[in-house]
Structure formats: structure tokens, C-alpha cells
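Peer 1: sharing a sequence plus its predicted fold:
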Amino acid sequence: MSETIGQRPWMTAPETAAVLDALEAAGGPDCARFVGGCVRNTLIGKPVSDIDIATRLTPDAVTAALKAAGLKAVPTGVDHGTVTAVSGGKPYEITTLRRDVATDGRRAVVAFTDDWAEDAQRRDFTLNSLYASRDGSVFDPTGHGCADARAGRIVFVGEAEERVREDYLRILRFFRFFAWYGAGTADAAALEACEALKGDLKTLSAERVSRELLKLLGADDPREAVRLMAASGVLGEVLPAPIDLARFAGLVAIEDDQLFENDPVLRLAALLPDDQVGAVTFAERLRLSNAERDRIAAALAPTPEFKSWMSPREIRRALYRLGAQPFRDRAKLAWARADRSATTPQWRGMIALGEGWTPPAFPLTGEDVIAAGAPKGPMVGQVLREVEDWWVDHDFIDDKLSTIEKLKSVVQGMAF
Ligand code: ATP
Ligand code: MG
């Protein structure tokens with residue numbers, strides 16, 4: 001029996017229709033179908049994030065068809081047959097039907113085809129080899145895609161080991177899709193292939209690895225996928241040892257709460273050893289952005305140590321010293337490692353306090369120090385820091401006069 005997903009709003013939206021109209025004007029009805037995640041997710045009732053399209057048209061014909069319709073065409077992956085259309089400000093990845101003819105495990109050499117079933121054979125998993133026409137009819141050339149999607153089975157199209165040898169990124173994709181859509185026990189043949197070929201992950205570009213890893217970690221509950229990756233040694237190929245599975249699991253449990261969003265970068269930090277220098281090296285090797293690298297390093301700073309029983313004053317002090325994001329990250333990582341059953345209200349309170357309080361600005365400047373009698377030079381900064389420490393220890397005392405009194409006594413006590 002053939003399946004249908006009906007005509008969903010994302011399929012009939014004017015910007016989507018404009019892309020299909022453009023392609024059909026050049027290639028006739030049904031020359032293009034939705035493919036991959038958008039079909040899979042609609043079938044299983046999950047939200048659709050991006051729309052991928054497969055077509056019989058060659059990339060040149062796609063480009064010409066889009067341009068003729070006044071749509072922008074960006075050659076995002078010409079060597080594998082992908083042109084990205086921009087319609088209504090949204091990107092649509094349009095890939096020509098293809099079969100892989102050769103591969104070195106990192107990049108496939110492709111030949112185009114007009115056979116949907118052949119195209120399905122070069123895709124990674126059965127649940128990703130699903131196509132839908134604009135009228136909502138679903139095509140499942142492997143014959144297992146719909147059933148596997150519904151059952152949460154992540155199964156390679158064809159022989160697992162062979163498919164992994166064609167593209168080692170599929171090892172990480174296997175765990176990514178298991179994290180997002182898997183249910184029950186993971187496919188044994190797939191796991192075995194991933195484990196056997198994990199050493200070849202090293203040959204992949206850092207960008208492909210980090211993008212896939214962060215997507216995996218963004219799943220609602222990637223704990224089982226990550227546990228399997230660790231057990232099979234796959235995780236050890238991409239992360240430095242020792243991997244902190246307990247802290248990671250704790251963090252995911254905290255984020256289970258409606259209060260927090262899934263945070264893939266912090267989850268990555270949670271998995272890393274408590275070693276800031278090592279974390280920076282790792283982030284740079286993986287080509288994470290500077291902001292992500294700095295955030296991970298700050299989250300793993302050794303001091304101040306966060307405890308569930310910190311007083312409001314200590315919390316304010318930590319917040320002032322660290323800044324809002326590192327404070328929140330450090331609190332969550334410490335909470336993730338703590339006995340959550342006993343201390344949840346304290347950690348929640350700490351984070352709420354952090355969110356509800358903006359540290360005041362330190363009221364003195366170098367000019368105040370000089371006015372109090374200190375000579376210009378390096379001493380100024382030293383005095384300023386000492387008074388600032390006092391001000392923080394006095395819980396950001398909102399009294400400029402007594403802060404100036406303190407400044408005077410520090411200046412008087414110094415030997416210039
Ligand atoms: P998402 O919802 O994350 O976008 P997706 O299934 O659309 O999920 P993409 O990475 O956007 O995943 O890829 C689109 C489709 O292209 C996949 O569904 C799959 O059919 C195919 N594909 C992508 N990468 C590979 C790969 N490395 N090997 C084989 N097929 C792939
Ligand atoms: Mg996609």
C-alpha cells in the first residue's frame with residue numbers, strides 16, 4: 001500500500017511552491033520530490049527544520065530553471081550535484097539524482113541518474129531514503145524506510161560496512177540519527193561496522209566531524225547514543241580522554257526540565273576532562289568557533305569551585321567575577337556532577353539568582369586612585385584591584401563614600 005503524508009503547510013507554502021514550480025517548468029511534473037529529513041519527520045510527526053529536494057534535472061538545468069523563475073541559485077556542492085535555491089529568504093538544497101561510482105571514504109565520485117531507486121541506494125539510512133511528491137505520495141524505494149522511521153530503527157541502506165567505507169562520516173551520522181530518532185536496541189550490523197572502522201574517522205575534515213557531533217549532542221536525549229559511542233570506542237576517536245559520561249548524563253537530565261534548552265556546546269564541555277588547556281587544543285583541532293572555544297574553556301575553569309550550599313553573597317561574587325554565561329555554565333556543570341536528588345532546589349536557586357541579578361559597576365577609576373595620593377604607574381591598578389576585592393567582599397557595597405575611605409586607607413598603607 002502506498003503511503004501519503006498529505007499536503008502539509010511546509011509543502012504548499014508559497015516560497016516552497018515557487019521552487020517546485022520553477023523546476024517543473026523546466027523538467028515537467030514530478031521531476032522533483034521532497035527527500036530526507038522533511039519527509040521522514042512529517043511521517044513520524046516531528047517538526048521539519050529544512051527542506052531538501054531531489055530532482056532528475058542536472059545541476060546546470062536546476063540553476064537555469066531557478067534563474068528563469070527569478071530565484072537565487074547558489075552552487076553549494078556542485079561536485080556532488082547540489083544547488084541551493086533561496087526562496088522567500090529560505091534555503092532549499094536541491095540535489096540531482098545520483099549514484100556513487102567511486103569513493104575514497106571521504107568524498108564520493110558521482111554519476112547522475114534519472115532513477116529514484118538508484119538515488120535511494122546511495123543515501124545513508126533507510127529512514128533517510130524517503131521521497132514525497134508535492135501531492136503527498138511517499139516513495140520508499142528501499143521498502144523499509146517508512147517502517148524503520150516509525151519503529152526508530154537506524155539501518156544502513158545495503159551492507160553496513162561497505163556503506164561506512166564509502167564515507168566515514170556515516171559513523172557519526174549513525175549515532176546522530178540514533179540520538180534523534182532511535183528507539184529500542186541499536187542495529188547490530190551498523191554498530192559493528194562503526195566500531196570496526198572507527199579508526200578512519202581521523203581522515204575526515206574537522207568541520208564535518210564537529211558539525212555532526214554538535215548536531216548529535218543537540219538531540220533531546222542523546223544519552224544512549226553517547227553511551228554506545230563510548231562503549232564502541234567511537235567517542236574516544238573524537239574526544240580526549242577521560243570522557244566524563246556521568247557529568248554529561250547529569251547535564252542532559254537537568255536539561256530535561258522545561259526550564260532549560262538543549263545546549264550542545266555545554267554538553268560537549270561536560271564530556272571533556274577538567275583541563276582548560278586541553279579543551280582549547282581540542283576546540284581548535286575541531287575548528288570550533290572562537291566563541292565556542294572560549295565558552296568551553298570558561299566552563300571548565302578550575303576556580304571558583306561551585307557548591308550547592310554557596311551563600312547568596314558567594315553566588316554574587318562568582319557571578320561578578322565570571323560573567324553571566326560562564327557563571328550559568330559552571331553552575332550547570334557542577335550541578336550535573338552533584339547528587340541531584342538532594343540538591344536540586346539549591347542549584348535552581350543559584351541559577352535563578354544569577355539570572356535575576358546584574359552586578360553593579362565598580363564605582364572607582366584610576367583617576368580616583370591618583371586623586372587619593374597614589375603616584376601614576378603600575379601601583380594604580382594594584383590599588384584599584386585591592387579596593388575592588390574589598391568592595392566585592394562587602395557584597396558590592398552601594399556607598400561610594402566608604403569605598404573612597406577604603407581607597408584612602410589602602411593608599412596610605414602603601415609604601416611608594
Ligand atoms: P536534518 O533534519 O538534520 O536536516 P536530514 O535527513 O535532512 O536531517 P541532511 O544532513 O540534511 O539530513 O541530509 C539530507 C539527506 O541527504 C539525508 O536524509 C540523506 O538521505 C542524504 N545524506 C546526507 N549526508 C549523507 C551521507 N554522508 N551519506 C549518505 N547520504 C547522505
Ligand atoms: Mg536536511
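Peer 2: Nice, thanks for sending it over. Ligands and ions are numbered 1, 2, ... in the order given.
Peer 1: next up, the contacts around S137.
Peer 2: Contacts for S137 (C-beta atoms under 8 Å, 6 or more residues apart in numbering) come out as S2, E3, T4. Yep, even glycine has a C-beta here, placed from its N, CA and C like the rest.
Peer 1: do that again at 7 Å, thanks
Peer 2: The contact partners of S137, by C-beta atoms under 7 Å, 6 or more residues apart in numbering, come to S2, T4.
Peer 1: helices of the stretch 51-200 of the chain, start to end?
Peer 2: Assigned by DSSP state H, counting those that start in this stretch, the helices in the stretch 51-200 of the chain fall at 59-68, 116-121, 145-151, 160-166, 169-181, 188-197.
Peer 1: let me know the pLDDT of V101.
Peer 2: Each residue has a pLDDT score; the one for V101 is 79.
Peer 1: if you could redo that for P47, that was the one I meant.
Peer 2: In this model, P47 is scored at 96, pLDDT.
Peer 1: nearest spatial neighbour of it, skipping sequence neighbours?
Peer 2: Distance criterion C-beta to C-beta, 6 or more residues apart in numbering; nearest residue to P47, sequence neighbours excluded, is N41 at 6.5 Å.
Peer 1: and R33, that one's in a strand?
Peer 2: Yes - using DSSP: H, G, I helix; E, B strand; the rest coil, the assignment for R33 is a strand.
Peer 1: if we can go back for a sec, out of the helices of the stretch 51-200 of the chain, which is closest to F260?
Peer 2: The minimum distance between F260 and the helices of the stretch 51-200 of the chain falls on helix 169-181, with 17.7 Å, by C-beta to C-beta.
Peer 1: next, the angle helix 188-197 makes with the closest one.
Peer 2: Following axes from the mean of the first three to the mean of the last three C-alpha atoms, to 10 degrees, one obtains 140 degrees for the angle between helix 169-181 and helix 188-197.
Peer 1: so is helix 169-181 next to ligand 2?
Peer 2: No - applying C-beta under 5 Å from the ion, one finds helix 169-181 separated from ligand 2 by no less than 11.4 Å.
Peer 1: and that helix, what other elements does it pack with?
Peer 2: The contact analysis (3 or more C-beta pairs under 7 Å, 6 or more residues apart in numbering; DSSP states H and E) places helix 169-181 against helix 160-166, helix 188-197, helix 206-217, helix 223-231.
Peer 1: with mean pLDDT added, can I get these in TSV?
Peer 2: TSV is the format used below for the helices and strands packed on helix 169-181 (pLDDT from 0 to 100):
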stretch	mean pLDDT
helix 160-166	96
helix 188-197	98
helix 206-217	97
helix 223-231	98
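Peer 1: as CSV, those with mean neighbour count would be great.
Peer 2: Supplementary listing: those in CSV, determined by neighbours: other C-beta atoms under 10 Å:
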stretch, mean neighbour count
helix 160-166, 18
helix 188-197, 18
helix 206-217, 18
helix 223-231, 20
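Peer 1: next one: stretch 48-60 to chain centre, how far?
Peer 2: From the chain centre to the centre of stretch 48-60 is a distance of 24 Å (C-alpha atoms, centre = their mean, to the nearest Å).
Peer 1: got the CA positions of that stretch in CSV?
Peer 2: Taking Å, rounded to 0.1, in the frame of the first residue of the first chain, the C-alpha atoms of stretch 48-60 are listed here in CSV:
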residue,chain,number,x,y,z
VAL,A,48,10.5,19.9,9.8
SER,A,49,13.6,22.2,10.0
ASP,A,50,14.9,22.3,6.5
ILE,A,51,13.7,21.2,3.1
ASP,A,52,15.8,19.0,0.8
ILE,A,53,14.7,18.3,-2.7
ALA,A,54,15.8,15.6,-5.1
THR,A,55,15.4,16.1,-8.9
ARG,A,56,16.0,14.4,-12.2
LEU,A,57,17.3,17.7,-13.6
THR,A,58,21.0,18.2,-13.9
PRO,A,59,22.6,20.9,-11.6
ASP,A,60,23.0,23.1,-14.7
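Peer 1: my read: the residue nearest to P47 touches I51, true?
Peer 2: No - applying C-beta atoms under 7 Å as the test, N41 and I51 come out as separate, 10.5 Å apart.
Peer 1: who's more crowded, those two?
Peer 2: I51 (24 against 19; other C-beta atoms under 10 Å).
Peer 1: against A206, how distant is the more buried one?
Peer 2: Going from I51 to A206 by C-beta to C-beta, to the nearest Å gives 28 Å.
Peer 1: how many neighbours does whichever residue of the stretch 251-400 of the chain sits closest to ligand 1 have?
Peer 2: Residue nearest to ligand 1 within the stretch 251-400 of the chain (C-beta to the nearest ligand atom): P264, separated by 12.9 Å. By other C-beta under 10 Å, the residues close to P264 number 17.
Peer 1: so it makes contact with G218?
Peer 2: Yes - P264 is within contact range of G218, at 4.1 Å (criterion: C-beta under 7 Å).
Peer 1: quick one: is stretch 152-166 near ligand 1?
Peer 2: No - Stretch 152-166 lies out of reach of ligand 1 by C-beta under 6 Å from any ligand atom, never closer than 7.6 Å.
Peer 1: can you tell me the residue of the stretch 201-350 of the chain closest to ligand 1?
Peer 2: Here the residue of the stretch 201-350 of the chain nearest ligand 1 is K215; by C-beta to the nearest ligand atom that distance is 6.4 Å.
Peer 1: which residues are in contact with that residue?
Peer 2: R176.
Peer 1: how much space between it and ligand 2?
Peer 2: 10 Å (C-beta to the ion, to the nearest Å).
Peer 1: before we move on, back to that, so which of the helices of the stretch 51-200 of the chain is nearest S133?
Peer 2: Nearest to S133 among the helices of the stretch 51-200 of the chain is helix 116-121 (10.5 Å), distances taken as C-beta to C-beta.
Peer 1: what mean pLDDT would you report for that closest one?
Peer 2: Averaged across helix 116-121, the pLDDT comes to 96.
Peer 1: contact partners of that helix?
Peer 2: Against helix 116-121 from outside (C-beta under 7 Å, 6+ apart): A54, L97, R98, R99, T113, S129, Y131, F139, P141, T142, V157, G158.
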